[in-house]
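Novice: how does the following fold in three dimensions:
(chains A and B)
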Amino acid sequence: MNFQSLDYAVFLILVFSVYWCLGRRWQNLLLIPVSWVFYGFIHPWFLLPFLATTVIDYFVAIGLESPRAHRRWLVAASVCSNLGLLSVFKYYGFFVENVAGLLDALHWHISLPVLEIILPAGISFYTFQSIGYVVDVYRGHVRACRSLVDYAVFVAFFPLLVAGPIQRAGDFLVQIQRPRKLEPAQFCSALYLLVWGVFKKVVIADTVAITANKVFLAKDISFPLLWVGVLAFCIQIYADFSAYTDIARGSARLLGFELSPNFNHPYLAQSPSDFWRRWHISLSSWIRDYIYIPLGGSRGTPGRTTLNLIIVFFLTGLWHGASWNFVFWGLYYALLTLLYRLAERLLGGRVPDRWPVVLARVLLMFALTNLGWLIFRERDLGQLGRDLVLSPFAAPAMDWMVAKYLGMLTLIYSLPLWLHAAWDLKLRQVFAERERALFVWLNPLVASLLFTGILLLRSDVSGDFIYFQF
Amino acid sequence: MSDRSDTQQGAAVPTTVESGASAEPGRRMTWLHAIGIAVFIFCGPALFRSHDLVQQPFDNKPVKLLQRLRPDCVLVGDSMLGSRIDPVTMDAVSGMTCALLPYPGSGTALWFLVSKNVVAAQTHPPRWMIIFFRDEQLTIPGHRTGERYRDGLEMCMQGDEPLYQSILAFTRHDTEAWTERLADDFYIVQRKRKDWQKKVQYGALKAVAARPERADVRDAAASIFKPKYSQAEKDEIAARDGEISLDLESHEFAENVARSFLPAILEVARRSHIRLLFYRVKRRPRDSHTPAVDKPHLQKYAQELREYLAARGALLVDETTDPEVSFAYYSTDDHVQESMMVPYTKLFWSKVRPLLESAPPASLPP
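Specialist: Residues are numbered from 1 along each chain as shown, chains lettered A, B, ... in the order given. Now for the predicted structure:
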């Protein structure tokens, strides 16, 4: 069931109506079958690995609180079972392909078993969420959940099941265990999030996707057309993923839950580390807390820190998909982060913090982010190599004109994103005094305009959310 | 709605910019306010209900053409007509004044509107109307009535067209999810979607190209980015546009005729004393050697159609198995090659003429 479909709207209204007629325990009980129906809608057998994760981690966490438990072994068992599922479903094909390639290169012709399996949607999200819970229990940050129903809701909650945001037990499990209530203001803000999310998906992401998809399908494309396609993809992936997050958060808010945010205007980042503090926040903070800091973070020698960064970004890239371009994309960010750190050390705070400098930093980072998206989007490494050596001078004049036209179209469709950023970062402060009054009429007005935009400007074809594949 | 404030907020941090800001109005906000806001957001766009605001104006050109020509015979159809009949040859061989109204990408819904609002609306209606069709097209009312065809249909409508709407409603009930029908009827404004998309595209073009260059840029962009949909996307678009198979084995004439536009077309013709002839064109043969054979279910369909039309004073010509309409006439699909239009028109007339000449005059109004 797609978030942007009418089916989902009906589903949400029905769940909402029944949900608020029930007490907390019954609400949680309702959320389990409802989430399974939502998830099983995609493919019924997807439920199997998902149920395995739920049951194993529920019992492991309880076992961790037992005084005689071999705690390390239990954590290892949980992590291995989750990563095992992930490896089989997501990385096995990639592994076999590369090992076979390597053996071929060594003239050892051995046929390895190939598994033709579909990647269960959201497996990277719920396994990470479940691992996070077990590690938090191990560290004593949260108590093990004694109710299988509550824990099943924690893993299965339908708004975040397929593409996150990855929740922490300390935040989300606590909400599941507490009674919930819905305030009128909360109801309205949920509606705003839902409308804004659907607008971003069907108007912005799906429309600019047409340009991006064509460019990346085409062979022998010229320099200006390639980069306008990259720009379109840059807008598409942000609009698409943040749309999913907004719809997830809006849906959860309607049911009395607050999910952690995932984005903070990532294209206004001034450095790679800043970008990762703003992009897919739930994943980057998960990796920071459960991988980077346990590895030693930035506290060790420069060599050790460099190694930690490389490991972390390698895993971040690999998390996105079993393909070398994702690995290179992760390593590209490792390289950028190291270069920025070096530059900071060399310049040592001699660069003034005035707005032209900030603007230049933002623009530079935006350009580098686009280069990153080219690596991310182009799965054919040979084509990527050809793309990177394209000359702007070899392009025909008409291609430049077409690129300008498509670039303008992309900018027009992405205008609401930039206006939203401007409002959030500057105008909100300007209107701070009047904001209370503004909230009364501005939010409904904007939401109504966005909803009208959905009716009038949505794309003819709406694809799945990009992050479903991860 | 704000990323930034949400970031500061988080799920586990209750004191936040957004919750702080909304907490104040939240105190004042009651459920009545909240429901009012929800109604405002979701029902506001539904207020644009006037068809005048969203419906294309009626295209008067075909009416004027018929007024000027005062034809004896009008031929209506989709590209099957446009690619087959040469108007000059038709006039010459028939010795009558003939008017061709080919509407590429049209179906029975549009032919009904044309027969009612263009042909029958004449002060001097023609004696004959010939409608070109394929296979089971006459009893598939939803064919080519989707979003893509909406503008063309609206340009043939006079006002709300309740009969047209009621016939289509049956089909939509069978083919569209109830949620889609509900949304489509509630938000009439979304019927202007294509116009708005074009406005945005043109706005972008205007911003980057001077007037003389615009057409070239648009054509270049179209050629580079010519839509190539996946099969799933094609199916989705086709289903939405009402593009469906015209020779479904399960499609029964008797079951579907009452809910189709055929009775309405016959009624329009009867009231205006226009004789109707339906011309079933032959689909492109597989090759030049294999003789054309009509599928059994289509044979049955054609037989039932013939009987139905005969009982209502209309005629049917079926060229499906006619060996004279050979492979050589065709282009790469069901269309006839441009160079073969003249011979085809002569062949067409040779088949139709005996029927027109022997047919009794249309009944007089009661």
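Novice: kindly list the longest helix within the chain.
Specialist: Since no chain was named, I'll use chain A. Using DSSP state H, we find that the single longest helix of chain A is helix A:223-254.
Novice: looking at chain B here, not the other one
Specialist: Every helix in chain B considered (DSSP H), the longest is helix B:341-358.
Novice: what packs against that one?
Specialist: In terms of contacts (3 or more CB pairs under 8 Å, 6 or more residues apart in numbering or on different chains; DSSP states H and E), helix B:341-358 is packed against helix B:87-94, strand B:275-280, strand B:315-318. Just so you know, the C-beta spots here come from the backbone N, C-alpha and C atoms, and that holds for glycine as well.
Novice: for the longest one, give the mean pLDDT please.
Specialist: Confidence over helix B:87-94, taken as the mean pLDDT, stands at 88.
Novice: what of the last one?
Specialist: Strand B:315-318 shows a mean pLDDT of 90.
Novice: quick revisit: CSV for the helices and strands packed on helix B:341-358, including mean neighbour count?
Specialist: Supplementary listing: the helices and strands packed on helix B:341-358 in CSV, determined by neighbours: other CB atoms under 10 Å in any protein chain shown:
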stretch, mean neighbour count
helix B:87-94, 16
strand B:275-280, 22
strand B:315-318, 19
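Novice: of all those, which one is nearest chain A?
Specialist: Closest to chain A of these is strand B:275-280 (CB to the nearest CB; 32.9 Å).
Novice: centre of chain A to the edge, which residue is at the far end?
Specialist: Among the residues of chain A, the one whose C-alpha is farthest from the average of all C-alpha positions is A:His107, by CA atoms, centre = their mean at 40.6 Å.
Novice: may I have the phi/psi pair for that residue?
Specialist: The phi and psi torsions at A:His107 (degrees, to the nearest 10) take the values phi 60, psi 30.
Novice: distance of it from chain B?
Specialist: When distances are taken as CB to the nearest CB, to the nearest Å, A:His107 and chain B turn out to be 39 Å apart.
Novice: mind pulling up the pLDDT for that residue?
Specialist: The predicted local confidence for A:His107 is 75.
Novice: can you list the weak-confidence ranges in chain A?
Specialist: Residues of chain A meeting the criterion pLDDT under 70: A:1, A:41-42, A:112-119, A:428, A:432-439, A:462-470.
Novice: can you pull up the most central residue in it?
Specialist: A:His280 (4.6 Å).
Novice: let me know the secondary structure of the residue lying closest to that one once chain neighbours are set aside.
Specialist: Excluding its sequence neighbours, the residue lying closest to A:His280 (CB to CB, 6 or more residues apart in numbering or on different chains) is A:Asn262, at 5.8 Å. Here A:Asn262 takes the coil state, with states given by DSSP: H, G, I helix; E, B strand; the rest coil.
Novice: mind listing what's buried in the longest helix of chain B?
Specialist: Judged by neighbour count (16 or more other CB atoms under 10 Å in any protein chain shown), helix B:341-358 contains these buried residues: B:Met341, B:Val342, B:Tyr344, B:Thr345, B:Leu347, B:Phe348, B:Trp349, B:Val352, B:Leu356.
Novice: how many residues are close by residue 259?
Specialist: I'll assume chain A. 26 (other CB atoms under 10 Å in any protein chain shown).
Novice: oops, wrong one, chain B.
Specialist: The number of residues packed near B:Arg259 is 19, by other CB under 10 Å.
Novice: assumed B:Ile130 was part of a strand.
Specialist: Yes: note on B:Ile130: a strand contains this position according to three-state DSSP.
Novice: list the contacts for it?
Specialist: With contacts taken as CB atoms under 8 Å, 6 or more residues apart in numbering or on different chains, B:Ile130 has the following neighbours: B:Cys73, B:Val74, B:Leu75, B:Val76, B:Leu276, B:Leu277, B:Phe278, B:Tyr279, B:Val352.
Novice: near chain B, which residues of the stretch 151-300 of chain A are found?
Specialist: With CB under 8 Å from any CB of the partner chain as the criterion, the stretch 151-300 of chain A comes near chain B at residues A:167-168, A:170-172, A:174-175, A:183-189, A:191-193, A:195-196, A:210-211, A:214, A:217-218, A:225, A:242, A:249, A:257-261, A:263-265, A:281.
Novice: please repeat the previous calculation with a cut-off of 6 Å.
Specialist: Residues of the stretch 151-300 of chain A found near chain B (CB under 6 Å from any CB of the partner chain) are A:171, A:183-185, A:187-188, A:191-192, A:196, A:214, A:258-261, A:263-265.
Novice: show the buried residues in the residues you listed.
Specialist: Members of those that pass the buried threshold by neighbour count (16+ other CB under 10 Å) are listed as A:171, A:183-185, A:187-188, A:191-192, A:196, A:214, A:258-261, A:263-265.
Novice: ok so, going back, isn't the residue nearest to A:His280 up against A:Trp279?
Specialist: No: A:Asn262 is not in contact with A:Trp279 according to CB atoms under 6 Å; the separation is 8.3 Å.
Novice: tell me where the stretch 151-300 of chain A has helices.
Specialist: Taking DSSP state H, counting those that start in this stretch as the criterion, the stretch 151-300 of chain A carries its helices at A:158-161, A:174-177, A:184-199, A:206-217, A:223-254, A:272-278, A:281-287, A:293-295.
Novice: could I get these as TSV with distance to B:Gly36?
Specialist: Below are these laid out as TSV (distance: least, CB to CB, whole Å):
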stretch	distance to B:Gly36
helix A:158-161	26
helix A:174-177	28
helix A:184-199	10
helix A:206-217	31
helix A:223-254	17
helix A:272-278	35
helix A:281-287	34
helix A:293-295	48
